[in-house]
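Trainee: mind folding the following:
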Amino acid sequence: MTPLRRTLSLRAVTALVAGAIVAQCTPAQAESVVKLPAPLVDPAVNAKRATAVLAGGCFWGVEGVFSNVKGVISVESGYHGGNAATAKYERTHDGKSGHAEAVRIVYDPSQVSYGSLLRILFSVIADPTLKNRQGPDTGPQYRAAIVPLDASQRQVATAYLSQIGGGKYFAKPIVVPIEAYKRFYPAEANHQDFMRLNPKNGYILRWDAPKLAALKRLYPDMVRAKPAP
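Mentor: The predicted structure follows:
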């Protein structure tokens, strides 16, 4: 089966079914959209570049939103949590690979902090109260997760989950895990920049375009003029 055929069968069909179920909802209601507070714990990083690995469901939308954040240098879709043998699109969909669809973000800490990336992740991209699913996609491969790359990131992540959990911004408890970093495996070429290259794709229109619209509405000062590569 070609990558395009896999894309249509696993994403677009799911979007059509889910779209029929929630046909009376506006697109922005498809996901949780909450304007969260800035992190209370978010120490400055004295570096021109830093890297973050985050998961928030289908990597098309996660990459698409973060590539529009001011201070982000690049975003790459990929897999995290399993091994090299299963770091392939067709090997992750039984939910047994250990991988989550994830993104690797290279960013300028002087323009956007790690805590701000988490704020955006849980404000407009992923619902932190959902376990092993986001939007129409179910299974551990679609889990939201924070993957700190050092002690400082882990400190910020732990504090921010506690902050937004205690602030009662969500009706249900936060269940998103903080996972130990293993190795990030880049996804196949046809998954990179998917949202930017396929703006009329049915899945993008139904599930991911509203996330980018929410970013621009809630945090206009954090939006780039043009998407990062």
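Trainee: okay, CA-based contacts and neighbour counts for the rest of this
Mentor: Will do.
Trainee: pretty sure Ser162 sits in a helix.
Mentor: Yes - residue state for Ser162 (DSSP: H, G, I helix; E, B strand; the rest coil) corresponds to a helix.
Trainee: next, count neighbours for it.
Mentor: 12 (other Cα atoms under 10 Å).
Trainee: for Val112, see how far away it is.
Mentor: From Ser162 across to Val112, the span is 21 Å (Cα to Cα, to the nearest Å).
Trainee: over to Glu101?
Mentor: Counting by Cα to Cα, the gap from Glu101 to Val112 is 23 Å.
Trainee: ditto for Pro39
Mentor: Computed with Cα to Cα, the distance linking Pro39 and Val112 is 12 Å.
Trainee: so for these two, which sits in the more crowded spot?
Mentor: Under the neighbour definition other Cα under 10 Å, Pro39 and Val112 were set side by side, and Pro39 has more, 20 against 16.
Trainee: could you report the neighbour count for Ala225?
Mentor: Taking other Cα under 10 Å as the definition, Ala225 ends up with a neighbour count of 9.
Trainee: wait, Lys48
Mentor: Applying other Cα under 10 Å, we find 10 residues neighbouring Lys48.
Trainee: that one: what secondary structure?
Mentor: Of the three states, Lys48 takes coil under three-state DSSP.
Trainee: how about it, what does it touch?
Mentor: If a contact means Cα atoms under 8 Å, 6 or more residues apart in numbering, then Lys48 has Asp108, Pro109, Ser110 as its contacts.
Trainee: same thing but 10 Å
Mentor: Contacts were defined as Cα atoms under 10 Å, 6 or more residues apart in numbering; by that measure Lys48 touches Tyr107, Asp108, Pro109, Ser110, Gln111.
Trainee: closest one of those residues to Gln192?
Mentor: Tyr107 (17.5 Å; Cα to Cα).
Trainee: which of the contacts of Lys48 are buried? Put it as a PyMOL command.
Mentor: For the buried members of those, the matching PyMOL selection, counting by 16 or more other Cα atoms under 10 Å, is:
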select buried, resi 107+108+109
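Trainee: tell me the one of the contacts of Lys48 nearest Tyr203?
Mentor: Nearest to Tyr203 among those is Tyr107, at 27.1 Å by Cα to Cα.
Trainee: name whatever forms a beta bridge with that closest one.
Mentor: The partner list for Tyr107 in beta bridges (DSSP bridges) reads Ala50, Val72.
Trainee: is it true that it touches Arg49?
Mentor: Yes - using Cα atoms under 10 Å, Tyr107 makes contact with Arg49 at a distance of 5.5 Å.
Trainee: turn the contacts of Lys48 into JSON lines, columns for pLDDT and distance to Ala151.
Mentor: Formatted as JSON lines, the entries for those read as follows, by pLDDT from 0 to 100; distance: Cα to Cα, whole Å:
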{"residue": "Tyr107", "pLDDT": "98", "distance to Ala151": "18"}
{"residue": "Asp108", "pLDDT": "98", "distance to Ala151": "18"}
{"residue": "Pro109", "pLDDT": "98", "distance to Ala151": "16"}
{"residue": "Ser110", "pLDDT": "96", "distance to Ala151": "19"}
{"residue": "Gln111", "pLDDT": "97", "distance to Ala151": "21"}
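Trainee: with distance to Lys226 added, can I get the contacts of Lys48 in JSON lines?
Mentor: Formatted as JSON lines, those follow (distance: Cα to Cα, whole Å):
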{"residue": "Tyr107", "distance to Lys226": "15"}
{"residue": "Asp108", "distance to Lys226": "16"}
{"residue": "Pro109", "distance to Lys226": "19"}
{"residue": "Ser110", "distance to Lys226": "19"}
{"residue": "Gln111", "distance to Lys226": "15"}
